[in-house]
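Peer 1: Curious how this folds, go ahead:
(2 chains)
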Number of protein chains: 2
Amino acid sequence: MSLLFKNLRVHQIFGANTDVGKTILTAALARASAALRNEVFYLKPISTGAMQDADDEHIKRYCGAFKNRVHTECLYRFHAPVSPHLAAQLAAGDESHKIVSDSTFINTVSSYVQRCASRVTGPAHMYVETAGGVHSPTLSGTTQLECYRPLFLPTILIGDSRLGGISATISAYESLLLRGYIVDAILLFRDEYYRNYEYLTPYFAERGVDLTAIDAPPPVNVDLAQNAASTESYYQSLDMRSVLGTLDARHGQRLAELDSMPRRSLDAFWWPFVQHGLVRSEKDVTIIDSASSDFFSVYKARDATSSLEPQFDGSASWWTQAVGHAHPALTLAAARASGRYGHVMFPQATHAPALQLAESLLHDGPGKGWASRVFFSDDGSTGMEVALKMALRAFTVREGLEGADRKALGVLGLRGSYHGDTIGAMDACMEEGVYTCEWHNAKGYWFDPPTVSIQQGHPVITLPPALTAVAAPADCDIPSDSISWVYDVPARLDTPLAEVYRTYITQTLHSLENAGGPRLAALVLEPLVMGAGGMLFVDPLFQRVLVDVVRAHDTASPSTSEAAAWRGLPVIFDEVFVGLYRLGMQSTIPLLGATPDISVHAKILTGGLVPLAATLASDSIFRAFYGGEKAQALLHGHSYTAHAVGCEVANEALRLLERENRSEAWTIARAQWGAAAGSSGAVWSLWDQQFVQSVSRLDTVAEVMALGTVLVIKVQDTQAGYVSQSAQTLLESLKDSGTGSGSSAALSLFSVHFRTLGNVAYFMTSLNTAPETIRAVEDKIWMALQK
Amino acid sequence: MSLLFKNLRVHQIFGANTDVGKTILTAALARASAALRNEVFYLKPISTGAMQDADDEHIKRYCGAFKNRVHTECLYRFHAPVSPHLAAQLAAGDESHKIVSDSTFINTVSSYVQRCASRVTGPAHMYVETAGGVHSPTLSGTTQLECYRPLFLPTILIGDSRLGGISATISAYESLLLRGYIVDAILLFRDEYYRNYEYLTPYFAERGVDLTAIDAPPPVNVDLAQNAASTESYYQSLDMRSVLGTLDARHGQRLAELDSMPRRSLDAFWWPFVQHGLVRSEKDVTIIDSASSDFFSVYKARDATSSLEPQFDGSASWWTQAVGHAHPALTLAAARASGRYGHVMFPQATHAPALQLAESLLHDGPGKGWASRVFFSDDGSTGMEVALKMALRAFTVREGLEGADRKALGVLGLRGSYHGDTIGAMDACMEEGVYTCEWHNAKGYWFDPPTVSIQQGHPVITLPPALTAVAAPADCDIPSDSISWVYDVPARLDTPLAEVYRTYITQTLHSLENAGGPRLAALVLEPLVMGAGGMLFVDPLFQRVLVDVVRAHDTASPSTSEAAAWRGLPVIFDEVFVGLYRLGMQSTIPLLGATPDISVHAKILTGGLVPLAATLASDSIFRAFYGGEKAQALLHGHSYTAHAVGCEVANEALRLLERENRSEAWTIARAQWGAAAGSSGAVWSLWDQQFVQSVSRLDTVAEVMALGTVLVIKVQDTQAGYVSQSAQTLLESLKDSGTGSGSSAALSLFSVHFRTLGNVAYFMTSLNTAPETIRAVEDKIWMALQK
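Peer 2: Below is the predicted model:
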């Protein structure tokens, strides 16, 4: 949606306040642009007040000797001399649905700008003049800074030269920065009494922004002819060439910078999980100029059309996005905490953002009903290292292990699990395929789990070889073909399959005890979905039975066996990927009907803005470290533990997540999947159920699954696993924006960023991705799969 | 410096612009407060313009029937009707030094508020009315929002009810948030034409702020008597009780919240590195209400005086602070990046903040001259895990190791080193004392290193037992008692001690090869200072010789031995603590005269705001992972890799660091220590050299060292090590604010937060801590050591 043209330099003019001279200075710019032989476009998207006073009329009147080069346009005109939102309300009267929506408005502005760009033959300048101050409301009532943000036009701020104008100019500038706008220049009148320009010039120079003071216009003359003459003579007296030079230079620098970024990035970065030897050329580098809601704005140099292309963030930026990129509420939360605290020391200290977050997680969040403590760290991997240290210590303390016995412990888990890339987190996972490295020493035993998927339109439970040998074929039958039934764990606990699982797990654990492997000290699970391991949807019944069997096998002495103490093994739920509504539910715990002793949360925790992780623990785990000696404590910490910015952003994110949980879009999606809100077995997705089933019937597709924001498509491929390129190859065309044939042509003009795990392609939305956007993505996936 | 009183509720009144009715609405508040039987204080810190128009005069005139309860004060009065900074300039004329500084100004305001608070007997309200808009300049020219920030008074924002006022009000609010201010209420006139209040009420309700529209005053009547009557009657018509109720409630809630925080924190947090069993009571919890520059504002409930106390952040918040808490430039950088990108996917992508940071680190930063690649992660520990994976793989690739041989590798390091708390980082360190846990399996060999300190006023090199046995006593002599000589590594390379080190290291490595221990695959060092291991200042000559010996012992085949390839072992410098000017130098590399193959940077990297780490690598290391197969790549990553907020904040921080490096304060400190700027052996500190030497002569002190911002005091104690409490006990009195006897009484009214490592106490400043603050801290340390 963002616009950037080679030949057409576009600037959006914002005012530090109303009546600061936006139109006069824009006229001066337009005149000067025309005088320098540029084609000039002046756009006033919304004008309110009498026609003869309209800003575009003023531009027409005073655009100077080269007026044939100056084109003016106003898209929405209202005669009431009030704010656009009031004017729009007045005009709409009782029919408030007639008020133009933000997306229609922005599409209209965007189309106009693109039409102009397609017309220009030589260098051209465009000035888009806003109304009032930076945050003045648009037609719908959204403030200008937020409404125009998707276009991401570079800006010129017109400062306020009057008494109080220093403050007004700085505050307006800060509001622009909070929305990420580029501020290429600040202009204001040279008022010699208040001399704001004297103060503001060094102030903004220090911040890297050019400020230019321009002579103020003459006082208004009541004689119209004389007024016209003095105004014309004023314009003639101005020399705007240096300002134009700055604006041209900034435009050129931005293009040159974007052009140079792929080469420089290839030279300077060592990307995570990337084989640089396979990055063939600069074209393989995604240049992200900005991002907003679900879209990256990606640079692809073009001559005639915009060089910025919307790209749907189909991996939710590695599973972090919850409310879309650059959400103003998260930015303000970050700013608020940074302004109040910066980062402050955490051990034995407290601050409001951390305390509020801890209490939310414990009392209203995934820790509800079982967790008593929150330990903060920086990412899922460190959060898991903390969880493992907690679990292993709790085990050794209860079992009275010392020395080498403490080192030789292992974990129980599932094959395909992934808990992060630090060595401790890796050691809790199998060494398999490419998932290994020099110091990775996998410690434990991992069950090959049964999985759930949709194949040929039907839900299917697939057993691993060890279980097919012992289960009857009918054990995997799914009543009424219902995926919801599969996730109704309590109802399935006394099915024959549950008994098969129970027996198999019990026998396996028994033989492990006799086999002389590492002593198992913790059960570690990614509930419902194993993400990085290949987006495997594990049969939840298997995980529940596993927890139950492990806990039933408790050898604790009576003194430690009070109701709240951990039993059998400490159980860790790694909810880093699956938690906080990624799968449509706040936590997987109610669905599984089993609480962990430790859980880990990250990614969505900050709504997708900054790193932060929380490890939750039960009181029973905490007690293993509690005592009179420092050496017994959990001696683990990171410098930025519980950093205020992360905690405050997380607090805001949690509020926004709950709002999505109650949103109309979610209610509709739940209804479509036949899932009642709040029901623990509620399986539903933001992805369309019909679409999911249709995809599962394609010949190229082996199976599909969708839960919450996640859609997984496993491609038919004999060479499965991480190194397979089949999913990437099959869906390659999604990387082109194409023309699309979806319901809305404008909407479908975007490409789709997606990630694959070998023969598995997955797509992930934010929690608040608009349904029409998801439909458009579905259309694109459908078309790509037909090719 | 922040103020909060039980009985005196203080609010600071900010205007969204000038002339929005600040004084009128403040008068209305003051009247209402008085009418409700409160004692009322009205403070106008700065007044400009004619006396008869002064705001305090207006308050006096219209404070109603209970005027004996209303006290007004103006602290700085100027007659020119212009902005305070211009008025102050005019008044000072040529003698610009007479312009009141920010600290004097704030101390004057603070003293006045404290005097009022000490006088009140019952409930009382105070209103501090600012001038102009939120960012209008104060006497010195600093904008009000920044100048008043240390007082951290809760605020009332007076909105703008005029055309353009929606934007002005929102922008002013955002500027308040960017400095962390509490906004308890927004008031504005009920203008029925523009109806801004209709728009703004739900807007701010959504953001948790109460907005109240108040009837506008009558038009000014030219007849003075009639004007007075109509004004008085206007005030009588207003009902401000609900607003007062809100303000009282907010004040009460804040106190109640602060009172409840220790208990709730003890119930919800699991603190890092804290033995909860030793946290005896709520009093042991530091309640951080806010922070600014080098001080936490800490809550300690008091009846008569302010319940907020400044506490010097003497650990630089776990070694992260570089430019003080809540630095506005870092806040704006975070806001800018959040507003433009949020967080965006990094693998095979690029964005400006990450690219700029990578290039700065490579070309102008610690990677200058040797590094070719930057790998981003989240903290020092993950950065070290990445470094270790790089080094170990580079080694196995060159040596052609496979299978079990790859798993059994070890590192070479120094005893006392610490690289973080994730298991991989721990495995690169010795298991010693409390530094261990269940899965910690230390892999390698660690030399017991010689150290440097100041003892009894003299620099001393202390050899470990293994070296005292082979060195001659004179080998440790230090010419001219010069600590600078100790750090002049090139000059010492052909001293007898260097030869002792060389022989010892060579022989040790030789015997290790024959001893059947793990095969060594990397050399891992914290250059100059081993931080968490006990603030050990290692003899830099030993580290240099160690690198030289390891590299000389190169077995590489000729094909890999080009100049740029790593030799002997890949060398990792962990500069997480010591780098980026913590020790007064950008990097330790020039001083040691040896470049690493991999280096790790974090902590100061973001100036002390949010987590971010960078691992730098040479091209030769990068090539070990380069190829045609994904499996060969460095398959490591964290979700928020290269998050835009962290990168942009780091870019801003690096700019600020370089500014400190060129600052007058640093020039003076360097000169005092006899260190020339830019000289590689430059050893100097922000701590006073005389003070350091004096402390080293105290009976209770074993040794002292200072480098850059770091001061380390090792206490005489027979029971050394991490579990010792001796340093904590000796310096306990620093935790009280006391009255102080330093040069400035006001300045010394603070307590000092500090951390100990057993018998070692350390103190750390930001890079820009004011010299007078450091002097005051030195005074406090000196007094504490006398007790």
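Peer 1: how far away is the residue at minimal distance from the centre of chain A from B:P347?
Peer 2: The residue lying closest to the centre of chain A (CA atoms, centre = their mean) is A:Q321, at 2.6 Å. Using CB to CB, to the nearest Å, A:Q321 is found at 15 Å from B:P347. Every C-beta, even on glycine, is put in place using the N, C-alpha and C of the backbone.
Peer 1: next structured bit after the one helix or strand A:V545 maps to?
Peer 2: Here A:V545 sits within helix A:540-552, counting by DSSP states H and E. The first helix or strand that comes after helix A:540-552 along the chain, using DSSP H and E, is strand A:571-574.
Peer 1: who does that following strand touch, helix- and strand-wise?
Peer 2: The contact analysis (3 or more CB pairs under 8 Å, 6 or more residues apart in numbering or on different chains; DSSP states H and E) places strand A:571-574 against helix A:380-399, strand A:519-525, helix A:540-552, strand A:598-601.
Peer 1: Residues in contact with the next helix or strand after the last one: which ones?
Peer 2: Elements were assigned by DSSP H and E; along the chain past strand A:598-601, the next helix or strand is strand A:613-617. Defining contact as CB atoms under 8 Å, 6 or more residues apart in numbering or on different chains, one finds that strand A:613-617 is touched by A:357-358, A:361-362, A:366-367, A:371-380, A:382-384, A:386-387, A:390, A:576, A:597-602, A:605, B:270.
Peer 1: sorry, back to before: let me see the mean pLDDT of the helix holding A:V545.
Peer 2: For helix A:540-552, mean pLDDT is 98.
Peer 1: that older thread, export the helices and strands packed on strand A:571-574 to CSV and tack on distance to B:P219?
Peer 2: Output for the helices and strands packed on strand A:571-574, formatted as CSV (distance: least, CB to CB, whole Å):
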stretch, distance to B:P219
helix A:380-399, 63
strand A:519-525, 72
helix A:540-552, 71
strand A:598-601, 59
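Peer 1: re earlier: list only buried entries from the contacts of strand A:613-617.
Peer 2: Buried by 16 or more other CB atoms under 10 Å in any protein chain shown: A:357-358, A:361-362, A:366-367, A:371-380, A:382-384, A:386-387, A:390, A:576, A:597-602, A:605, B:270, out of the contacts of strand A:613-617.
Peer 1: which SS state does the closest residue to chain B within the stretch 601-750 of chain A fall under?
Peer 2: Across the stretch 601-750 of chain A, no residue is closer to chain B than A:G637, which sits at 2.8 Å (CB to the nearest CB). Of the three states, A:G637 takes coil under DSSP: H, G, I helix; E, B strand; the rest coil.
Peer 1: just checking, it touches A:M345?
Peer 2: No. The criterion here is CB atoms under 8 Å, and A:G637 misses it with A:M345 at 10.5 Å.
Peer 1: Show me whatever sits in contact with both of those two.
Peer 2: Common neighbours of A:G637 and A:M345, counting by CB under 8 Å, 6+ apart, are B:W318.
Peer 1: Tell me, how many residues neighbour the residue of the stretch 601-750 of chain A closest to chain B?
Peer 2: 24 (other CB atoms under 10 Å in any protein chain shown).
Peer 1: show me the contacts for it.
Peer 2: A:G637 touches A:346-347, B:272-273, B:318, B:421, counting by CB under 8 Å, 6+ apart.
Peer 1: for chain A, which helix is longest?
Peer 2: If you go by DSSP state H, chain A has its longest helix at helix A:241-268.
Peer 1: helices and strands around that helix, which ones?
Peer 2: Looks like helix A:241-268 contacts strand A:8-15, helix A:22-35, strand A:183-190, strand A:211-215, strand A:286-292, strand B:349-350, helix B:352-359 (3+ CB pairs under 8 Å, 6+ apart).
Peer 1: a markdown table for these, including mean pLDDT and distance to A:V538?
Peer 2: What follows is the helices and strands packed on helix A:241-268, written out as a markdown table (pLDDT from 0 to 100; distance: least, CB to CB, whole Å):
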| stretch | mean pLDDT | distance to A:V538 |
| --- | --- | --- |
| strand A:8-15 | 98 | 50 |
| helix A:22-35 | 97 | 59 |
| strand A:183-190 | 98 | 50 |
| strand A:211-215 | 98 | 60 |
| strand A:286-292 | 98 | 32 |
| strand B:349-350 | 98 | 31 |
| helix B:352-359 | 98 | 35 |
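Peer 1: how about these in CSV, adding distance to B:I46?
Peer 2: Shown next, in CSV, are those (distance: least, CB to CB, whole Å):
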stretch, distance to B:I46
strand A:8-15, 28
helix A:22-35, 31
strand A:183-190, 24
strand A:211-215, 25
strand A:286-292, 41
strand B:349-350, 48
helix B:352-359, 39
